[in-house]
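Colleague: Quick check, what structure comes out for this input:
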Amino acid sequence: MDQEVLDENELILGMMRRDGVDLTCPYRVEHHFSGRNFELLEKLAIALYSLGFEVTDPDEFTDERGRTAFAFDAFREMIPDGAAIAADQEKFWPKLATFRATYDGWGVDVGGGSPDDDAGEESPDEAEED
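Modeller: Prediction:
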């Protein structure tokens, strides 16, 4: 496991603690994936489902270069813990190359919103709802 990924995991958990999130309770931990090939991304979702993760339907979007891309989340209920999250990430790495996908980080649904690896920043959609 890359030390940068481990450090980022601990940074996110630290920001959650600072925001008053009780890290002894289970939450929906969501891992974010994207790719430009819908069929391969769908196969990745199936592979992650077979590992015990729930998966969302892929969403289509336009990437920063104006190309069509797709994204989905794989999630499970768990107590947010750096070692457990890293263990899940270890399962993802070999599949990313096989399915030509990108791992875009993780987040936790703590109720009433979906903080992600930007920990506490509102998405444009959430800002419009205010």
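
Colleague: now this protein, which segments are flagged as low pLDDT?
Modeller: 112-130 (pLDDT under 70).

Colleague: For it, which segments count as helices?
Modeller: 3-18, 38-50, 82-98, 124-129 (DSSP state H).

Colleague: Just name the most buried of those.
Modeller: Mean neighbour counts were compared across the helices of the chain using mean count of other C-beta atoms under 10 Å; the top stretch is helix 38-50, at a mean of 16. In short, each C-beta sits where N, CA and C put it, glycine included.

Colleague: got the angle between it and helix 82-98?
Modeller: Relative orientation of helix 38-50 and helix 82-98, computed by axes from the mean of the first three to the mean of the last three C-alpha atoms, to 10 degrees: 150 degrees.

Colleague: is the residue nearest the centre of the chain in a bridge, and if so with what?
Modeller: The centroid of the chain falls nearest to His31 when counting by C-alpha atoms, centre = their mean (2.0 Å). On the basis of DSSP bridges, His31 is bridged to Ala74, Trp106.
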